[in-house]
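Colleague: got a predicted model here, sequence first, then my questions.
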Amino acid sequence: NAGVTQTPKFRILKIGQSMTLQCTQDMNHNYMYWYRQDPGMGLKLIYYSVGAGITDKGEVPNGYNVSRSTTEDFPLRLELAAPSQTSVYFCASSYEQGGRTEAFFGQGTRLTVV
Amino acid sequence: GDSVTQMEGPVTLSEEAFLTINCTYTATGYPSLFWYVQYPGEGLQLLLKATKADDKGSNKGFEATYRKETTSFHLEKGSVQVSDSAVYFCALSAMEYGNKLVFGAGTILRVKS
């Protein structure tokens, strides 16, 4: 059972470059989330989705875009990378929203923008 | 203010010591409360949860009791092991936050043998 799979695990970007962080889940969960984790700051919600074709902004959406064309996939796009986007990114999914059921997390993507 | 406040780390303990990691929250009504754990190099995973006042969540020797009167959900373990070394996140889910998980800053636990 793969759960939530994120790729890549590590990436170094130059300022202004773009990239897509991939996330896929095989649990048929409707709800998917992208968080960023900064030291001492916990996890901040970037974007979330309640089902295929539906996405919405979280707490810190600026500089990011998402799409949800299938139930399984929820990619996160950085269009013009900035040093402030250096962080660890986690994708998560759950059967129901928020804390009603357990949220499952991927292993994370460590992104450095130089 | 912050919706979830955890004690700052790192917390360093010797094996078999007693562990307490404090967590307090700000929310109206009755949020659901959680502890997630992140082992080195891995994503977060649910450790335990409680959905109503006075409930006790427990798992792997860890416990936390939902205290409405003190708006707290402190994590405890009677005897820690080296394998418990990880980052522990307190979190809540409440209608006023759109029923999405809101996390505290995390507390690093280091257990020495």
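Modeller: That came through, no problem.

Colleague: for chain B, give me the ranges with low pLDDT.
Modeller: For chain B, applying pLDDT under 70 flags the ranges B:1-2.

Colleague: which residue does it bring closest to chain A?
Modeller: Across chain B, no residue is closer to chain A than B:Ser93, which sits at 2.9 Å (CB to the nearest CB). For every residue, glycine as well, the C-beta is placed using N, CA and C.

Colleague: and that residue, how far from B:Glu16?
Modeller: For B:Ser93, the distance to B:Glu16 equals 34 Å [CB to CB, to the nearest Å].

Colleague: picking that back up, so the residue of chain B closest to chain A touches B:Ser32, yeah?
Modeller: Yes - using CB atoms under 8 Å, B:Ser93 and B:Ser32 qualify as a contacting pair, with a distance of 4.6 Å.

Colleague: between B:Ser93 and B:Glu16, who's got more neighbours?
Modeller: B:Ser93 (22 against 11; other CB atoms under 10 Å in any protein chain shown).

Colleague: list phi and psi for that one.
Modeller: Per-residue torsions, B:Ser93: phi -130, psi 130 (degrees, to the nearest 10).

Colleague: list, one by one, the residues from chain A near chain B.
Modeller: Residues of chain A lying close to chain B (CB under 8 Å from any CB of the partner chain) are A:4, A:33, A:35, A:40-43, A:45, A:48, A:58, A:90, A:92, A:97-100, A:102-108.

Colleague: would you agree B:Ser83 falls within a strand?
Modeller: No - read with DSSP: H, G, I helix; E, B strand; the rest coil, B:Ser83 is helix and lies in no strand.

Colleague: tell me the contacts of it?
Modeller: B:Val111 (CB atoms under 8 Å, 6 or more residues apart in numbering or on different chains).

Colleague: and the residue nearest the centre of chain A?
Modeller: By CA atoms, centre = their mean, chain A has its centre lying nearest to A:Trp34, at 2.8 Å.

Colleague: next one: the helix or strand bottoming out on mean pLDDT in chain A to chain centre, how far?
Modeller: Least confident helix or strand of chain A, by mean pLDDT, DSSP states H and E, is strand A:104-105 with a mean of 91. Offset of strand A:104-105 from its chain centre (CA atoms, centre = their mean, to the nearest Å): 11 Å.
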